[in-house]
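Colleague: Show me the folded form of this:
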Amino acid sequence: MLSSDYIIGFVDGEGSFTIGIGISIARAKHQNFLRYREQIFLVFAITQGSPREWILEEIKRFFGCGIVVPAKGALGKDGVRREPYSQYHVYRIDDIITKIIPFFDEHPPILKLEEYKKWREAAEMIRRKEHLTGEGIEKLKQMKAELH
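Modeller: Alright, predicted model coming up:
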């Protein structure tokens, strides 16, 4: 079993707390047009190069949620493909609120503490459904810009 200190060190080195913005498309009820709406989502992620993706599976077991996704290395500017990697992702807001946030509240990251605090604030806004208002979306966009 991985220790809390190990997880914190790993997250400080290879983790990220992300606020994402996408577009949701839906047909308006009983209408002949599509409705476009901005959609806010949160991601907790850890990246690890191959062949060390096994550690991401251990982290997934530690938290009891999320998925591990393998990815090909991106092409560099020189045309050479970089090392393949894998990512551990937690997207579900319920898992973020009930598993990820309580862990980091008890064991805060060191290097990424400010990033975590901003991300946690965004999670609280989503929990309170503020992301469904124009004002809430604008505030979350500002927070996203401050994170990256």
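
Colleague: In this structure, what residue spans correspond to strands?
Modeller: Assigned strands in the chain, in chain order: 15-27, 34-49, 67-71, 85-90 (criterion: DSSP state E).

Colleague: check contacts around the most centrally placed residue in the chain.
Modeller: Centroid check for the chain by Cα atoms, centre = their mean gives Val43 as the closest residue, at 1.3 Å. Residues in contact with Val43 (Cβ atoms under 8 Å, 6 or more residues apart in numbering) are Ser16, Phe17, Thr18, Gly20, His89, Val90, Tyr91. Where C-beta positions appear, they are placed from N, C-alpha and C, glycine not excepted.

Colleague: Out of the strands of the chain, which one sits most buried?
Modeller: Across the strands of the chain, averaging neighbours per residue (mean count of other Cβ atoms under 10 Å) puts strand 85-90 on top, at a mean of 20.

Colleague: Which strands or helices does that one pack on?
Modeller: Applying 3 or more Cβ pairs under 8 Å, 6 or more residues apart in numbering; DSSP states H and E, we find strand 85-90 packed against strand 34-49, helix 54-63, strand 67-71.

Colleague: what residues does the shortest one touch?
Modeller: What that stands for is strand 67-71. Counting by Cβ under 8 Å, 6+ apart, Ser50, Glu53, Leu56, Glu57, Lys60, Pro84, Tyr85, Ser86, Gln87, Tyr88, His89 sit against strand 67-71.

Colleague: from the residues you listed, which single one is nearest Gln39?
Modeller: Of all the contacts of strand 67-71, Gln39 sits closest to His89, with 16.5 Å by Cβ to Cβ.

Colleague: still on that earlier bit, kindly reformat the strands of the chain as JSON lines containing mean pLDDT and distance to Ile110.
Modeller: Formatted as JSON lines, the strands of the chain follow (pLDDT from 0 to 100; distance: least, Cβ to Cβ, whole Å):
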{"stretch": "strand 15-27", "mean pLDDT": "86", "distance to Ile110": "12"}
{"stretch": "strand 34-49", "mean pLDDT": "87", "distance to Ile110": "15"}
{"stretch": "strand 67-71", "mean pLDDT": "92", "distance to Ile110": "24"}
{"stretch": "strand 85-90", "mean pLDDT": "94", "distance to Ile110": "19"}
